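# Need a 3D model of the following:
(one chain, ligands or ions: 1)
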Amino acid sequence: MENSDTDRTLRADDLTVARGGVAVLEGVSFVLDPGRALVLRGPNGSGKTTLLRTIAGLQPATAGAVEGAGERIAYAAHADGLKSMLTVTENLTFWAQVFGFADIAGAMAAFDLLSLQDRLAGSLSAGQKRRLGLARLMVTGRPVWVLDEPTVSLDAASVALFADAVRGHLARGGSALMATHIDLGLEADVLDVTPFKAKPRAAVEDEAFL
Ligand SMILES: Nc1ncnc2c1ncn2[C@@H]1O[C@H](COP(=O)(O)OP(=O)(O)OP(=O)(O)O)[C@@H](O)[C@H]1O
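Numbers count the residues shown, from 1 in each chain. So this is what the prediction gives:
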């Protein structure tokens, strides 16, 4: 996949991230090595989604740098983004082809999708859709999973399947950065974003006049 462990590390260095033109978090730095998981914590509205979107390249950082991201990242967000008029198998095959990764069987099995394989994605329940959305991660072949509240709509059995999938991914040298409020039973580092809350803009502008 990559040349060395150093190449496969995801780094955020002194990041400032914003939503709607307003800085949300500032001074965020972390290192995520292959085989490791990092869980973002913080109350609602604290900026976890904004940070994940920035790391995933969906929006630019206002300041600071991200290294080791780009095409290494597979991102799964709140919206499942499935093709409702394609079957479960067709959805996974489509994504496998987009990412050049041939095998969907492992992902189907890992997320217990075999009995649903011929169902249209649009007809699935919320939890089944979420399972399919997460299975997609496995057919990207990408080493860094960035996950925003991945367990929403999942029942306990499906949460366990997801935790197993993440464990397997880490064991294969992948890594995972995720915002989740639940304990997945994984060995993971934790980054509480609360201390990185950005100062109100007015206060920053005032300093320019001191
Ligand atoms: N499109 C937007 N335009 C303006 N502000 C936004 C937008 N989306 C989110 N925000 C604001 O940005 C801040 C950070 O939101 P964000 O979604 O990153 O938080 P979060 O920690 O992921 O929250 P939660 O735990 O509720 O998912 C919040 O104050 C939120 O209201």
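# So which residues of the chain form helices?
48-55, 88-99, 105-110, 126-138, 156-171, 201-207 (DSSP state H).
# so which of these gets nearest the ligand?
With Cβ to the nearest ligand atom as the measure, helix 48-55 is the member of those nearest the ligand (3.2 Å). Heads up, the C-betas are built off the backbone N, CA and C, glycines and all.
# picking that back up, any chance of the helices of the chain in CSV, with mean pLDDT and distance to Glu26 too?
Formatted as CSV, those follow (pLDDT from 0 to 100; distance: least, Cβ to Cβ, whole Å):
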stretch, mean pLDDT, distance to Glu26
helix 48-55, 97, 11
helix 88-99, 95, 33
helix 105-110, 96, 37
helix 126-138, 95, 29
helix 156-171, 97, 29
helix 201-207, 50, 9
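# now for those, which one comes closest to Leu40?
Closest approach to Leu40 among the helices of the chain is made by helix 48-55 (4.6 Å; Cβ to Cβ).
# Can I get the closest one in CSV? Just the C-alpha atoms.
Extracted in CSV, the C-alpha atoms of helix 48-55 (Å, rounded to 0.1, in the frame of the first residue of the first chain):
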residue,chain,number,x,y,z
LYS,A,48,-16.3,17.2,15.8
THR,A,49,-18.1,17.0,12.4
THR,A,50,-16.4,20.2,11.2
LEU,A,51,-13.0,18.7,12.2
LEU,A,52,-13.8,15.4,10.5
ARG,A,53,-15.0,17.1,7.3
THR,A,54,-11.8,19.2,7.2
ILE,A,55,-9.6,16.1,7.7
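# mind listing the strands in this structure by residue range?
Counting by DSSP state E, the chain has strands at residues 10-19, 22-32, 37-41, 63-67, 73-76, 144-148, 175-179, 189-192.
# follow-up on the earlier one: a markdown table for the helices of the chain, including mean neighbour count?
Formatted as a markdown table, these follow (neighbours: other Cβ atoms under 10 Å):
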| stretch | mean neighbour count |
| --- | --- |
| helix 48-55 | 23 |
| helix 88-99 | 19 |
| helix 105-110 | 17 |
| helix 126-138 | 22 |
| helix 156-171 | 17 |
| helix 201-207 | 10 |
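# can you redo these as JSON lines with distance to Glu71?
Shown next, in JSON lines, are the helices of the chain (distance: least, Cβ to Cβ, whole Å):
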{"stretch": "helix 48-55", "distance to Glu71": "13"}
{"stretch": "helix 88-99", "distance to Glu71": "10"}
{"stretch": "helix 105-110", "distance to Glu71": "19"}
{"stretch": "helix 126-138", "distance to Glu71": "14"}
{"stretch": "helix 156-171", "distance to Glu71": "17"}
{"stretch": "helix 201-207", "distance to Glu71": "33"}
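# Same list, the ones you listed, but as JSON lines with distance to the ligand please.
Output for the helices of the chain, formatted as JSON lines (distance: least, Cβ to the nearest ligand atom, whole Å):
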{"stretch": "helix 48-55", "distance to the ligand": "3"}
{"stretch": "helix 88-99", "distance to the ligand": "25"}
{"stretch": "helix 105-110", "distance to the ligand": "26"}
{"stretch": "helix 126-138", "distance to the ligand": "16"}
{"stretch": "helix 156-171", "distance to the ligand": "18"}
{"stretch": "helix 201-207", "distance to the ligand": "13"}
